[in-house]
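Chemist: Requesting a structural model of the entry that follows:
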Amino acid sequence: MKPRNILTAVLLTGSLIFASSCQGLLDIPQHSVSAIDSYYKTDAEAEEGIIACYGQMRTLETSTTSLQFMKTHLSDDVWSGGGGHYDGSFYQLSDYTFSSDYGSIATVYTNLYTLVYRCNVVIEHVTGTSDIMKRAVAEAKVFRAFAYFNLTILWGTPPLVDHTLSDSEYMQPNATTADLWAFIEKDLNEAIDSGALTQKSSVSEVTNRATKQFAQALLGKSLLFEKKYSDAATMLDNVINSKLYELNPDLSNAGIPSGANSVESIFEINANNDMQNSSANNNFKWTFQGLRGEKYSYDVTKTVFASSTFGFQNPRKDLYDAFVAVEGKNGYRLNNTIVTFEQMRDVYGTSPILEITDNEGYWNFKYRILKSLWAGYFYANNTRVMKYNEVLLLAAEAHFMNDDAPTALKYINLIRTRAQAPTLTSITLDNIKTESRLELCFEGQRYENLIRWGDAAAALAHNGEKNPALQTDGTVKWTSYNKVGECGFTTGKHELWPFPATEMSVNANMKQNPGW
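Modeler: From the prediction side, this is the model:
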């Protein structure tokens, strides 16, 4: 059998129902299997179909191939980290030395197209008119748009697959970026206009479903990426004016389990603290963001940190300095996001006893792994996919670019007031960019924003040229692992990810991105 491309594999992955098409003597009825054309005819079957889409959303963010995890490595907010610089393969992202055969890129690509496939199944086969069926189709369109948003910003011209493919259609060509954005807009507008999406009844209500406001926020974000500033501002204002969301006043729990599904949450991938169902609730990526356990001493009366995690993604001093410039060293938001060498030692009783690779003396406190909830590589923490603070930031940018500085200023001052930072009397685009960096750090947004702002080359060109190692006395030593010119962001290449080598080797209709 000839190898099939990734889209082929996606068609066969994650299907709830098998369809059989045997010929001649092999045309034998299968027991306990339903033909796909006769399935999805009841509310329960429609719900099974959309649950498979929710499950694939979880898959996108469960492991170290999560979108947030990988995009954070590609930013200027963190060092790669781990037991050593070459621990795992994440340093290739941080150093910008990855190639088209980098396995995690292929996994993300496959996972996104698996989500597209599952959504296509629901959209095509759930044709009933009950409220549950209409909701399932609307949610599938939101998730399909989410998949294509990421495929488009990361790869630029991925294939546009708007239906389940027949055998003769597997070798899909590149789509145009314009057609992809139009498709995303169409899916989200249809879902919003359907009247079938869930809406909260109050700020305090918690829902685990994709809501109308999530669809509006994703559409507003897409329009902003397209530079359709007026339309983006209008759509994002719809979310704000719904008055169904507020900024969570307590930043101490912004990234830990107790802060999940707050008044700020618009859409989260949920994980319950249930080890009996660990495959659905364990979010293994968090394990990689804690401390490198064996390299520290712990005062058990002070420390809050789990001691068996892996130490990746330590904050850069440049990010810490950006916080200090806005709110000072004692800033409320800063101290709930990053802790220093002195704070770790004096407040949390945690000190390095060995050299800490890729560390300048700063640690991620926003996504700290709590020893009280850590259970042997099981850690149930939600992934915050869309929050109200991001909506305010996107809306501020859209209004500012649409020559409405007063509204932009109002939204940014809401953010700064919650952060207990000085409010502004006037606003610039740099103010908005800075607030975006601080509010959304470690969430994967910084990388994609640097690309669309045209700031990536300036911020990332020197990634990988030298890396820090924190010593036990708090000093930092620097080491060069790569030659200058063989690492860092390259203009004309790194604006897009490479299509996976596995895809390119079997699909003659695909054109690789520039520079790869």
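Chemist: list the contacts for the residue most central in space within the chain?
Modeler: The centroid of the chain falls nearest to Gln68 when counting by CA atoms, centre = their mean (3.4 Å). Listed by CB atoms under 8 Å, 6 or more residues apart in numbering, the contact partners of Gln68 are Glu61, Lys285, Thr383, Phe442, Glu443, Gly444. C-beta here means a position set from N, CA and C on the backbone, and glycine is covered the same way.
Chemist: Among these, name the ones in strands.
Modeler: Residues of those located in strands (DSSP state E): Thr383.
Chemist: average pLDDT for the host helix or strand of Ser351?
Modeler: Assigned by DSSP states H and E, Ser351 belongs to strand 350-352. The pLDDT scores in strand 350-352 average 97.
Chemist: Figure out how far the following helix or strand past that strand is from the centre of its chain.
Modeler: Where DSSP H and E defines the elements, the next helix or strand beyond strand 350-352 is strand 356-357. Averaging C-alpha positions (CA atoms, centre = their mean, to the nearest Å) puts strand 356-357 26 Å from its chain's average.
Chemist: Strand 356-357 - contacts with which helices or strands?
Modeler: Applying 3 or more CB pairs under 8 Å, 6 or more residues apart in numbering; DSSP states H and E, we find strand 356-357 packed against strand 467-470.
Chemist: what does the strand it packs on rub up against?
Modeler: 79-80, 85, 341, 352, 355-361, 476-481.
Chemist: What's the PyMOL line that selects buried ones from those residues?
Modeler: A single PyMOL command selects the buried members of those (16 or more other CB atoms under 10 Å):
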select buried, resi 79+80+85+341+352+356+357+358+359+360+361
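Chemist: Which of the contacts of strand 467-470 fall in strands?
Modeler: Using DSSP E, the contacts of strand 467-470 in strands are Trp79, Ser80, Pro352, Ile356, Thr357, Val476, Lys477, Trp478, Thr479.
Chemist: dump the residue contacts of the fourth one.
Modeler: If I follow you right, that is Ile356. Counting by CB under 8 Å, 6+ apart, Ile356 has contacts Arg292, Lys295, Gly311, Asn314, Ala469, Leu470.
Chemist: Include pLDDT, neighbour count and distance to Ser166 when you put those residues into JSON lines, please.
Modeler: Formatted as JSON lines, the contacts of Ile356 follow (pLDDT from 0 to 100; neighbours: other CB atoms under 10 Å; distance: CB to CB, whole Å):
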{"residue": "Arg292", "pLDDT": "94", "neighbour count": "24", "distance to Ser166": "50"}
{"residue": "Lys295", "pLDDT": "96", "neighbour count": "19", "distance to Ser166": "54"}
{"residue": "Gly311", "pLDDT": "95", "neighbour count": "25", "distance to Ser166": "48"}
{"residue": "Asn314", "pLDDT": "97", "neighbour count": "26", "distance to Ser166": "49"}
{"residue": "Ala469", "pLDDT": "98", "neighbour count": "18", "distance to Ser166": "55"}
{"residue": "Leu470", "pLDDT": "98", "neighbour count": "23", "distance to Ser166": "56"}
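Chemist: In TSV, list the residues you listed along with distance to Gly515.
Modeler: Listed next are these as TSV, based on distance: CB to CB, whole Å:
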residue	distance to Gly515
Arg292	34
Lys295	37
Gly311	32
Asn314	29
Ala469	31
Leu470	34
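Chemist: What distance do you get for Gly454 to Leu393?
Modeler: Taking CB to CB, to the nearest Å as the measure, Gly454 and Leu393 are separated by 18 Å.
Chemist: what's the distance between the residue lying closest to Lys41 once chain neighbours are set aside and Phe305?
Modeler: Excluding the flanking residues, the one nearest Lys41 by CB to CB, 6 or more residues apart in numbering is Gly128, at 6.8 Å. According to CB to CB, Gly128 stands 50 Å off from Phe305.
Chemist: Neighbour count: the two, which is higher?
Modeler: Just comparing Gly128 and Phe305: by other CB atoms under 10 Å the higher neighbour count belongs to Phe305, 23 against 17.
Chemist: nearest residue to the more buried one other than its sequence neighbours?
Modeler: Closest to Phe305 by CB to CB, 6+ apart is Leu291, at 5.4 Å.
Chemist: ok, that neighbour - how many residues close by?
Modeler: Counted by other CB under 10 Å, the residues lying close to Leu291 total 26.
Chemist: what's the answer for Met235, then?
Modeler: Using other CB under 10 Å, Met235 has 27 other residues around it.
Chemist: Identify each buried residue in stretch 331-338, please.
Modeler: Gly331, Arg333, Leu334, Asn335, Asn336, Thr337, Ile338.
Chemist: Surely the fifth one and Ser252 touch.
Modeler: Yes - the pair Asn336 and Ser252 passes the contact test of CB atoms under 8 Å, sitting 5.2 Å apart.
Chemist: For the longest helix along the chain, what is the distance to the chain centroid?
Modeler: Longest helix in the chain, counting residues (DSSP state H): helix 131-155. Helix 131-155 sits 15 Å away from the centroid of its parent chain (CA atoms, centre = their mean).
Chemist: about what we covered before: what lines up beside the strand holding Ser351 in the sheet?
Modeler: If you go by DSSP bridges, strand 350-352 pairs up with strand 296-298 (antiparallel).
Chemist: Now do the buried residues in the strand it pairs with.
Modeler: Buried residues in strand 296-298 (16+ other CB under 10 Å): Tyr296, Tyr298.
Chemist: Contacts for stretch 82-98, please.
Modeler: 64, 70, 73-74, 78-81, 102-105, 288, 292, 310-312, 357-358, 460, 463-464, 467, 479, 481-482, 486-490, 494.
Chemist: average model confidence for it?
Modeler: pLDDT averaged over stretch 82-98 gives 96.
Chemist: how far is that stretch from where the chain is centred?
Modeler: 19 Å.
Chemist: Can you get me the start-to-end distance on it?
Modeler: Taking CA to CA, to the nearest Å, the first and last residues of stretch 82-98 lie 17 Å apart.
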